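Trainee: Requesting a structural model of the entry that follows:
(chains A and B)
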Amino acid sequence: MAFLKRLPSVLTTLFGISVFVFVVLRVIPGDTITSSLGIETGVLTPEQIESLRKYYGIDQPLIGQYLSWMSSFLSGDLGFSYSTGAPVWDLTKSALLVTMQLALFGTLLGVLIGISIGMFSARKPGSARDFLGQFFGLLALAIPGFVLSTTIVTVMANKFQYFPNGYEYMTPFEDLSMNLQQMLFPSLVLGIAVAAPIMRTTRSALLETVDKDFIRTAYGKGVKPRVVRLKHVLRNSLIPIVTMTGIQFGYLLGGAVIVEKIFALPGMGRQILDAINKREYATVQSSIMVFAILFVTINLITDWVYRKVDPRIK
Amino acid sequence: MSNLLEIKNLSVVISDDKRVLVNDVSFELKAGEAVGVVGESGSGKTLSALSILGLLARGLRIDSGEINFQGKDLLKLSTEEMREIRGNQIAMIYQDPMTALNPVMKIGDQLMEVLDSHEHEIADRKAHILNGLAAVGIADPDRAFDSYPHEFSGGMRQRVMIAMSLLLSPQLLIADEPTTALDVTIQRQILALVARERKRRQMSMLWITHDLGVVANLVDRVIVMYAGRVVEVGTVEEMFKAPKHPYTAGLLASLPAVGNNREKLASIPGVPPKPWQVINNCAFAPRCSSAKDICFSHRPELKNNQTGSVACFFPLGGAS
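Mentor: Next up is the predicted model:
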């Protein structure tokens, strides 16, 4: 019911993204031909270029290109990769698994670390522990993911000779233990980045809730302080925390690009990045659409969680 | 009768700058007695009540004094000992039922928490709660048990709060203006309900109110507070018949009387002092028609008389 109400805005959003991606890809200089042939393109005769453009379908007017891409995308055909000839859907399937696992683990770690430190900080605002918690928050916010990633890679590989990502990537179905080891550090990097805003949201939400009348009621009933903190204060602070987590999950999908590159994980981020470099229009467009659909789905899930968290939201 | 509760020289201050909000307040409550604490906003009546339960807001603290409950000084108890008393031996009904209940927790669960937090011999907890809800006039206790607070009106929520406070039959019930936030018609019902339950359970009660008229029929004695201090203590009859403190007299005169057709209600001129003002004389002197020089230079102590006590150099009715 609530989902149906959101449907028009969801579809509008997805349409907007599809147009945006399509246009941006064509606005950046170069096309499939120049990126695959490089400076050799200059040697081609105009006739050769024309026939190549025809071959790739980029001789059509933009509207025509867009419509033909959309109609095949909607019928489930995501197109082919020019460089490997593989169907984009096949590439996306395995890449999506990697990225989803990474984003999920990252979010989980982020929520765990963020809420814990937020609660730790909010216990005594203005105290040394609050300062410590907030310091972590700022630090995590300030360190770019690539710095943390490269530091971890360098230290672990050089000092401890431990670098599971140096081996071929294993899906959880092939080798679970190897997969988890390969996921550990990238998830941690993403988790720390996500933990910072979640920690700050948690802290301020908790501090706001603590002064509410019903918290006094809970203490007045003789409820144990630990139970008041978890069942009353934290529970009532969840709405902003859920919102922040939803936003951060979206951020993770994007942040994964860099982390996947550094940790050599064959995920969506890497797939899109490589595809952009090769101007593989079909791969980029379709992959980003898959991302967008995922992002919108996350938003819908967030809305659903709201209703679970706060019975007043109808 | 022995004293159930004795408050001695209680002072509440703002932690940061030690501004005094409740100043040297003493009073006692006998077992089974109902006492009204009356005063304007900011007179310190609510803070005194919250001090008893140790529920002062962040930033406030008890600076000095004793709160003896059944012979034990509550201020000397550990956090855990105090927790065991709250909701069990001393319970409280709060001013605003719209915000006093947890909005994301079912009413049944919120009541269950009281039973979960204390030791008792109630075997069927849910049945006990349903009985409690029915006793305060909730028509469909089963449905209420599974409802959230926002599905209830203010009056109904206050009934839930009352049921919650009575679950473990506390010896002392503190009601902090429980009807202020409610419609007038609902006010009467709630007052009658609390009065009935108090009688039935032989409970001691502390009524906090700014309206002398509200508590007149419900309490045995009245404590009048002004600017953080007790200014008069006496029985209800005595206070209505012959108030000693000019402030009490002013409060009484400002009550609307049934069948009184005067167009304008009497009011006390001026405003009460702000909590941050340090006052070394009679705090009421600037608003008092019978104030003399001494009222502006010295502070009157609370002195006992035949029927109660009063803090005034020139108490009404002469006798001091």
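Trainee: near chain B, which residues of the stretch 151-300 of chain A show up?
Mentor: A:210-214, A:216-225, A:227, A:231-232, A:235-236 (CB under 8 Å from any CB of the partner chain). In short, each C-beta sits where N, CA and C put it, glycine included.
Trainee: how does it look with 7 Å?
Mentor: A:211-214, A:216-224, A:232, A:235-236 (CB under 7 Å from any CB of the partner chain).
Trainee: number of nearby residues for residue 277?
Mentor: In the absence of a named chain, this looks at chain A. 11 (other CB atoms under 10 Å in any protein chain shown).
Trainee: actually chain B
Mentor: 11.
Trainee: who touches the least confident helix or strand in chain B by mean pLDDT?
Mentor: Across the helices and strands of chain B, mean pLDDT, DSSP states H and E gives its lowest value to helix B:212-215, namely a mean of 82. Residues outside helix B:212-215 that contact it (CB atoms under 7 Å, 6 or more residues apart in numbering or on different chains) are B:36, B:38, B:191, B:207, B:209, B:251, B:252, B:255.
Trainee: Show the model's pLDDT score for the fifth one.
Mentor: Read that as residue B:209. Listed pLDDT for residue B:209 reads 90.
Trainee: Tell me what it is bridged to.
Mentor: Taking DSSP bridges as the rule, residue B:209 bridges to residue B:38.
Trainee: gap between it and residue B:144?
Mentor: Computed as CB to CB, to the nearest Å, the residue B:209 to residue B:144 distance reads 27 Å.
Trainee: So residue A:238 is in contact with residue A:309, correct?
Mentor: Yes - the pair residue A:238 / residue A:309 is scored as a contact, 4.7 Å apart, by CB atoms under 7 Å.
Trainee: more crowded one of the two?
Mentor: residue A:238 (20 against 16).
Trainee: quick one, helices of the chain?
Mentor: You didn't say which chain, so I picked chain A. All helices of chain A, identified by DSSP state H, fall at A:2-27, A:32-37, A:46-56, A:62-74, A:88-122, A:128-142, A:145-154, A:160, A:176-210, A:213-220, A:225-227, A:235-262, A:268-277, A:281-309.
Trainee: that's the wrong chain, I wanted chain B
Mentor: Going by DSSP H, chain B shows helices at B:45-53, B:79-85, B:97-100, B:107-117, B:125-135, B:141-145, B:154-166, B:184-201, B:212-215, B:236-241, B:246-253, B:293-297.
Trainee: which residue is nearest the centroid of the chain?
Mentor: I'll assume chain A. Nearest to the mean C-alpha position of chain A, counting by CA atoms, centre = their mean, stands residue A:253 at 1.4 Å.
Trainee: oops, chain B please
Mentor: Using CA atoms, centre = their mean, the most central residue of chain B is residue B:208, at 2.4 Å.
Trainee: From chain A, how far off is it?
Mentor: 14 Å (CB to the nearest CB, to the nearest Å).
Trainee: so that residue makes contact with residue B:179?
Mentor: No - taking contacts as CB under 7 Å, residue B:208 lies outside contact range of residue B:179: 11.2 Å.
Trainee: Same list, the helices of chain B, but as JSON lines with mean neighbour count please.
Mentor: Listed next are the helices of chain B as JSON lines, based on neighbours: other CB atoms under 10 Å in any protein chain shown:
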{"stretch": "helix B:45-53", "mean neighbour count": "23"}
{"stretch": "helix B:79-85", "mean neighbour count": "15"}
{"stretch": "helix B:97-100", "mean neighbour count": "22"}
{"stretch": "helix B:107-117", "mean neighbour count": "21"}
{"stretch": "helix B:125-135", "mean neighbour count": "18"}
{"stretch": "helix B:141-145", "mean neighbour count": "17"}
{"stretch": "helix B:154-166", "mean neighbour count": "24"}
{"stretch": "helix B:184-201", "mean neighbour count": "16"}
{"stretch": "helix B:212-215", "mean neighbour count": "20"}
{"stretch": "helix B:236-241", "mean neighbour count": "17"}
{"stretch": "helix B:246-253", "mean neighbour count": "22"}
{"stretch": "helix B:293-297", "mean neighbour count": "14"}
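Trainee: Format the ones you listed as TSV; extra columns: distance to residue A:73.
Mentor: TSV is the format used below for those (distance: least, CB to CB, whole Å):
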stretch	distance to residue A:73
helix B:45-53	64
helix B:79-85	61
helix B:97-100	51
helix B:107-117	48
helix B:125-135	56
helix B:141-145	50
helix B:154-166	53
helix B:184-201	61
helix B:212-215	71
helix B:236-241	82
helix B:246-253	78
helix B:293-297	87
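Trainee: and these, which one is worst for confidence?
Mentor: helix B:212-215 (a mean of 82).
Trainee: Just give me the neighbour total for residue B:15.
Mentor: Count around residue B:15 with other CB under 10 Å applied: 12.
Trainee: Excluding chain neighbours, what is closest to it?
Mentor: The shortest distance from residue B:15 to any residue other than its chain neighbours is 5.0 Å, reached at residue B:61 (CB to CB, 6 or more residues apart in numbering or on different chains).
Trainee: again, but for residue B:190
Mentor: Using CB to CB, 6+ apart, the nearest residue to residue B:190 is residue B:179, at 5.1 Å.
Trainee: Hmm, residue B:193 and that neighbour touching each other?
Mentor: No - between residue B:179 and residue B:193 there is no contact under CB under 7 Å: 10.3 Å.
Trainee: which ones are touching residue A:225?
Mentor: Taking CB under 7 Å, 6+ apart as the definition, residue A:225 has no contacts.
Trainee: about what we covered before: what's the local residue count around the residue nearest to residue B:15?
Mentor: The tally of other residues near residue B:61 (other CB under 10 Å) stands at 14.
Trainee: That one bridge partners, please.
Mentor: If you apply DSSP bridges, the partners that residue B:61 bridges to are residue B:13.
Trainee: so how far is chain A from it?
Mentor: 15 Å.
Trainee: Near chain A, which residues of chain B are found?
Mentor: Residues of chain B found near chain A, taking CB under 7 Å from any CB as the criterion, are B:53, B:55, B:58, B:83-84, B:86-88, B:92, B:94, B:96, B:99-104, B:113-114, B:117-118, B:148, B:150, B:164.
Trainee: Contacts only, for the residue nearest to the centre of chain B.
Mentor: Taking CB under 7 Å, 6+ apart, one finds B:37, B:45, B:46, B:49, B:175, B:176, B:177 in contact with residue B:208.
Trainee: again with residue A:186
Mentor: A:102, A:259, A:263, A:265.
Trainee: Report the distance from the least confident helix or strand of chain B to the chain centre.
Mentor: Taking CA atoms, centre = their mean, to the nearest Å, one finds the center of helix B:212-215 at 12 Å from the center of the full chain.
Trainee: pLDDT wise, what is residue 228 at?
Mentor: No chain specified, so I'll use chain A. 95.
Trainee: meant chain B, my bad for not saying
Mentor: 91.
Trainee: Kindly report the same for residue A:243.
Mentor: Looking at residue A:243, its pLDDT is 87.
Trainee: Next, count neighbours for residue A:197.
Mentor: Look at residue A:197: counted by other CB under 10 Å, it has 19 neighbours.
Trainee: Give the closest residue to it in space, chain neighbours not counted.
Mentor: residue A:244 (5.7 Å).
Trainee: With chain B as the reference, measure out to that neighbour.
Mentor: 18 Å.
Trainee: what do you get for residue A:138?
Mentor: Remark: distance between residue A:138 and chain B (CB to the nearest CB) = 25 Å.
Trainee: ok, that residue - contacts?
Mentor: Going by CB under 7 Å, 6+ apart, the list of residues near residue A:138 is empty.
Trainee: Run a quick neighbour tally on the residue nearest to residue A:197.
Mentor: 22.
Trainee: That one contacts residue A:198, correct?
Mentor: Yes - contact status for residue A:244 versus residue A:198: in contact at 5.4 Å, counting by CB under 7 Å.
Trainee: Residue A:110: what's its closest spatial neighbour, skipping adjacent residues?
Mentor: Closest to residue A:110 by CB to CB, 6+ apart is residue A:194, at 3.0 Å.
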